[in-house]
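Novice: Using only what follows, build the 3D model:
(chains A and B)
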Amino acid sequence: MGDAEIIPIGTRGRQGRGSGQRPSSAARNLAGPSRPRREEPADAPTEAEDTAPEQSADEVAEQVADPAAGQPTVAERAAASRGDSPVVDLAGALPTSDTRVRERHPLRGIPVGDWLSAFQRAAKEVFGEQWEPRLAEFLAFLRRRVTGEYVVDDFGFDAEVTERFFIAALRPIAEKWFRVEVRGVENIPTEGGALVVSNHSGTVPVDGLMTMVSVHDATGRHLRALGADLVFQMPFVSTMARKGGATLACNEDAERMLRQGELVGVWPEGFKGIGKPYSERYKLQRFGRGGFVSAALRTGVPIVPLSVVGAEEIYPLVGNIPALARLLGVPYIPITPLFPLLGPLGLVPLPSKWLMEFGEPVRTDEYDDGAADDPMLVFDVTDQVRESIQQTLYSLLMQRRSVFG
Amino acid sequence: MSGGKVVLVTGVSRDLGRRTARALVDRDDVDRVIGVDVVPPRGDLGDVSFVRADIRTPVIAKVIAKEDVDTVVHMSVIATPGDTGGRTTMKELNVIGSMQLLAACQKAPRVERLVVKSTTTVYGSSPRDPAMFTEDMEPRRAPRAGYAKDVAEIEAYVRGFARRRDDCRVTLLRCANVIGPHVSSPITSYFRMPVVPTVLGHDARLQFLHEEDLFAVLSHAVGADVGGTFNVAGDGIMMLSQAVRRMRRPTVAMPGVAVGGLSSLLRQARFADFSPEQLGFLTYGRGVDTTAMRELLGFTPRFDTEQAFDDFVSDLPRTGGYAERAIGAVEDRLPSGRTAVPAVAAPGDRDDGDSDHRGQGESHG
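Specialist: Numbering: from 1, shown residues only, chains lettered A, B, ... in the order given. Have a look, this model is predicted:
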């Protein structure tokens, strides 16, 4: 302990901090060594770098000097008429160009090799060991997007951006936030047209998005959603819906998609389903006019009933402002326990646990040709699908331990 | 030579009509082509004989009778008033002209074929539209004004004519937006703007028909044995955003109301020939089903939508494309991108200018 080194703190009584006459020792240390000493160590590795700025600086100096050298002839002629000497001015001007302070660009001092290796390290960090081909591929993707060299189908579906962007962005929400559990995947046909019919709930049609992600991840097929005309009226929503593969819920489009062999998703309850109060949760509403059944009958594709449990709890709808909704031309203005009370924070959906069960497909290819025009048959099949979804909902609710379990 | 068709083409003063008439001359089964319009054509009519007549007057009936016309190709339906005058003149030219022409055809027993160039604008554009219109579909909202209403009325008169003259084969061709290097129409003048205004939050689906395909389909319809209504468009769909990116033009997105205001301003300033229907079209877009064209009419366009648009774009100056250049710069600087660039360069190996440029490329990426 006795031979401990004493480290002096402060100025030891000498003039220092705040005297205003010369910088304190701490400030002198911070300021670094004076200029002549710095030249040698700092410039050694960047010699190649520094030659060019010096050259360019010299060139600049020459350029400044050149017009000055050329000026007297013009200026003298002017002076001859005016009668005073411009040479004095020039003599004053020339030294200033010599003593000009050379400012170095902060980025100049960093060698190219450092830039490259830093860039490579960053690329490795982002893209992994195989960063070169992956970065090249990513750039090719970016170039395709920027130059419009991609194709969309008749409905405006952009498979590339859906896979690489929409589904990739929604997947963590499905897996981590709602912990979607999918059952009965084997009931989704692996090829050919099929109509997935689901219950609709949750104030905001999040269930549709989650179904699209789950179906894509389970089967590799894109679920082509049928949306209300309001979806295609709203700015931004309409663009994303078309790019994501949705189209208007009308018989023409549904039949066209089914004939092309697409997997089509429909939520026949529509706004009645998502806009129903929390107290009526898991009670299926009327299944529209059964248009989806006639579309399936006309194209002879199977109907796959889907029951989704958990979506009812994400935004429990406890109130509505009908007057404002009418004014804005939307079906309802939701009031949930958190919205609009908490403002934007109230838009975060509650993390309920989701169960999705695909039921046994209902075959429609056994009926006669005119079956789609037989209203009684259409109502029968509609009821059959609706009953099947309702029963599965009840059994899933029994199996669920708790809302957030 | 005798026994060949004698074709009367209306609206030859404008480029598309004139070139259609010239394309018809080249057909083997066509004897003579007579071009009719109020004003003489600006370009070369070739072997087409021009008759200066106003189709809004009964003079047209005399022309048909005197020249022994057996085929009438009606192309004199204009989308914008242009330099003809106001909307009143345009309406008169379109509707009254068509009525007079049809009345003249009805009186001429020799006329056995009528081909009318209509447009897919009759289907309108709305968020309630199906993705693809087939010929039997109606617009979701009946057009109340402008070009779309004119065309709907003309089509109704044409259908009436077809009922009254069932010995005459009537072909109604609903063509998608015609595009090509020589076309001057509301849609091409829209795309020729240096900065393209788009409707914020909407991306329209577009379909195009190349000008060459328009001449081909009209010529095909003159010779075809089938009548009826057909949608005519190139294959495939293109989004508006995609189209603008292909042109490498900058866009400015603004709310629909603002685009509407801007378009009427541009129309008044005669800067661009912007028609009011176009706003709906550029917001919601439109697609038509062309199965009937392929299978019944037996016509296949040479250009699909993408190729037609690329041909239109090919000689337009590029006013944007900065993002593409930036990506290209980064691609070039990838160690594997160019063999000339060594993988890891020693700092002394390159001169200062290049290293500066490199830094810029990276910061863009």
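Novice: C-alpha from now on. contacts and neighbour counts both.
Specialist: OK.
Novice: just for the stretch 251-365 of chain B, where's the confidence low?
Specialist: Across the stretch 251-365 of chain B, the ranges flagged by pLDDT under 70 are B:270-274, B:335-365.
Novice: So which elements touch the longest helix seen in chain B?
Specialist: When chain B is parsed with DSSP state H, its longest helix is helix B:146-164. Under the contact criterion of 3 or more CA pairs under 8 Å, 6 or more residues apart in numbering or on different chains; DSSP states H and E, helix B:146-164 touches helix B:87-91, helix B:97-107, strand B:113-119, strand B:169-175, helix B:277-284.
Novice: in a helix, that's where A:Glu357 is, yeah?
Specialist: No: A:Glu357: not assigned to a helix; according to DSSP: H, G, I helix; E, B strand; the rest coil it is strand.
Novice: In contact with it, which residues?
Specialist: The contact partners of A:Glu357, taken as CA atoms under 8 Å, 6 or more residues apart in numbering or on different chains, are A:Val182, A:Arg183, A:Gly184, A:Val185, A:Leu306, A:Ser307, A:Val308, A:Thr392.
Novice: mind checking which helix or strand the last one is in?
Specialist: Assigned by DSSP states H and E, A:Thr392 belongs to helix A:375-399.
Novice: From the chain's centroid, how far away is that helix?
Specialist: In terms of CA atoms, centre = their mean, to the nearest Å, the centre of helix A:375-399 is found 37 Å from the chain centre.
Novice: Which positions in stretch A:225-234 come out as buried?
Specialist: A:Ala225, A:Leu226, A:Gly227, A:Ala228, A:Asp229, A:Leu230, A:Val231, A:Phe232, A:Gln233 (16 or more other CA atoms under 10 Å in any protein chain shown).
Novice: What distance separates the opening and closing residues of stretch B:163-176?
Specialist: 26 Å (CA to CA, to the nearest Å).
Novice: Kindly report the same for stretch A:320-334.
Specialist: 5 Å.
Novice: contact partners of stretch B:195-202?
Specialist: Against stretch B:195-202 from outside (CA under 8 Å, 6+ apart): A:234-239, B:190, B:244, B:249-256, B:259, B:282-284, B:319.
Novice: Those residues of the stretch 151-300 of chain B touching chain A, which are they?
Specialist: Residues of the stretch 151-300 of chain B lying close to chain A by CA under 8 Å from any CA of the partner chain are B:200-203, B:205, B:236-239, B:241-246, B:248, B:287.
Novice: mind listing what B:Phe133 touches?
Specialist: Applying CA under 8 Å, 6+ apart, one finds that B:Phe133 lies in contact with B:Tyr123, B:Gly287, B:Val288, B:Asp289.
Novice: Which of the residues you listed lies at the shortest distance from chain A?
Specialist: Within those, the smallest distance to chain A is 7.4 Å, found for B:Gly287 (CA to the nearest CA).
Novice: So which of the contacts of stretch B:195-202 belong to helices?
Specialist: A:Val237, A:Ser238, A:Thr239, B:Tyr190, B:Val244, B:Gly256, B:Val259, B:Leu282, B:Thr283, B:Tyr284.
Novice: tell me, which strand in chain A spans the most residues?
Specialist: Counting residues, the longest strand in chain A under DSSP state E turns out to be strand A:303-309.
Novice: List of residues touching the helix or strand following that one?
Specialist: Using DSSP H and E, the helix or strand that follows strand A:303-309 in sequence is strand A:319-320. Residues from elsewhere that reach strand A:319-320, judged by CA under 8 Å, 6+ apart: A:Pro277, A:Tyr332, A:Ile333, A:Pro334, A:Ile335, A:Thr336.
Novice: Of all the helices and strands packed on helix B:146-164, which one is nearest A:Glu360?
Specialist: Ranking the helices and strands packed on helix B:146-164 by proximity to A:Glu360 (CA to CA) places helix B:277-284 first, at 37.7 Å.
Novice: what's that closest one packed up against?
Specialist: helix B:146-164, strand B:196-199, helix B:256-268.
Novice: tell me the pLDDT at the residue in chain B that chain A sits nearest to?
Specialist: Chain A sits closest to B:Gly201 of chain B, with a gap of 4.0 Å, by CA to the nearest CA. pLDDT recorded at B:Gly201 is 91.
Novice: Which positions are bridged to the residue nearest in space to the middle of chain B in the beta structure?
Specialist: Central residue of chain B (CA atoms, centre = their mean): B:Val178, 1.8 Å from the mean position. With DSSP bridges applied, B:Val178 shows beta-bridge pairing to B:Leu209.
Novice: Next, the contact list for it, please.
Specialist: B:Val178 neighbours (CA under 8 Å, 6+ apart): B:Phe208, B:Leu209, B:His210, B:Glu211, B:Leu214.
Novice: 10 Å - rerun?
Specialist: B:16, B:119, B:184-185, B:187-188, B:207-214, B:233-234, B:308-309 (CA atoms under 10 Å, 6 or more residues apart in numbering or on different chains).
Novice: What separation do you get for it and B:Ala216?
Specialist: Per CA to CA, B:Val178 is found 12 Å from B:Ala216.
Novice: Now for the two: what residues contact both?
Specialist: With CA under 10 Å, 6+ apart, B:Val178 and B:Ala216 have common neighbours B:His210.
Novice: still on that earlier bit, from the ones in helices among the contacts of stretch B:195-202, which single one is nearest A:Ile110?
Specialist: Once CA to CA is applied, the member of these that ends up nearest A:Ile110 is B:Val244, at 39.9 Å.
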